[in-house]
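# This is a predicted model, with the sequence first.
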Amino acid sequence: MRNMPNKTTERSFICLLSCLLLLLVSCRESNVPRPNGYFRIDMPEKEYVVLDSIFPFLLEYPSCAKITPDPYTPDNPYFINIFYPEFKGYVHLSYREVRENLSDLLEDTRLLAMKHIPRATAIRELPIMDPEHRVYGMIYDIRGSGTASPYQFYLTDSTRHFLRGALYFRVTPNNDSLAPVIDFIVQDIDHLMETLTWK
């Protein structure tokens, strides 16, 4: 008499075949779109150098940056850039002496910050008050992925000195991908403002 396959063996074979079929079908690559990623950016250690030279102010800037004259205003020695070669970014500083023109300087600074309104999602104004060192001012924290200058500020003693600063990058603005670098440089700008003293 012939041996008939038993039902348990037949079920095991069908189960194994089903598992193999499921495994083959599930190994296809997914067609789900993935968001674009950005390169990891390694930040240098925080170390600061004192800027004490011909300038009518003293401050500390990061050692990983270089002080360069502003190429657009070579006649004004008090217009400088704190250049970050690794990030293609710079903090532009422009110093002016106050001579009954404080309201004009304040309005110019405000207008330069407000030029970013079409591309900004928000502009936060953060006042600065340090009566002990006679440093007063305003920070313009400009949010939005296409803004050309995400962080601007001015500092003054309201009688003689006025210093304006703005962060720029020599790349197409995409502040989502630049966010770690912006945060890193903003910490340096905050340190610069905390260490500023007038001469």
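Right, received. Where do you want to start? Quantities reported herein were computed from a predicted structural model and do not represent experimental measurements. Numbering: from 1, shown residues only.
# and Gly118, what is it in contact with?
One correction, residue 118 is Pro, not Gly. Neighbour list for Pro118: empty [criterion: C-beta atoms under 8 Å, 6 or more residues apart in numbering]. From N, CA and C alone the C-beta is placed, and that goes for glycine too.
# Figure out how far the helix or strand of the chain with the lowest mean pLDDT is from the centre of its chain.
Averaged element by element with mean pLDDT, DSSP states H and E, the chain has its least confident helix or strand at helix 7-26 (a mean of 75). Offset of helix 7-26 from its chain centre (C-alpha atoms, centre = their mean, to the nearest Å): 56 Å.
# Where does pLDDT dip in this structure?
1-7, 24-40, 173, 175 (pLDDT under 70).
# about what we covered before: mind giving me the packing neighbours of the least confident helix or strand of the chain?
Using 3 or more C-beta pairs under 8 Å, 6 or more residues apart in numbering; DSSP states H and E as the contact test, no helix or strand touches helix 7-26.
# Extract the CA atoms of it and return them as CSV.
Output of helix 7-26 as CSV, limited to C-alpha atoms (Å, rounded to 0.1, in the frame of the first residue of the first chain):
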residue,chain,number,x,y,z
LYS,A,7,-2.1,16.3,7.0
THR,A,8,0.5,17.7,9.5
THR,A,9,3.3,17.5,7.0
GLU,A,10,1.1,19.1,4.4
ARG,A,11,0.3,22.0,6.7
SER,A,12,3.9,22.5,7.6
PHE,A,13,4.9,22.7,4.0
ILE,A,14,2.2,25.2,3.2
CYS,A,15,3.2,27.3,6.3
LEU,A,16,6.9,27.3,5.2
LEU,A,17,6.0,28.2,1.7
SER,A,18,3.8,31.1,2.9
CYS,A,19,6.6,32.4,5.2
LEU,A,20,9.1,32.3,2.3
LEU,A,21,6.6,34.1,0.0
LEU,A,22,6.0,36.8,2.7
LEU,A,23,9.8,37.2,3.2
LEU,A,24,10.4,37.7,-0.5
VAL,A,25,7.6,40.3,-0.8
SER,A,26,8.6,42.2,2.3
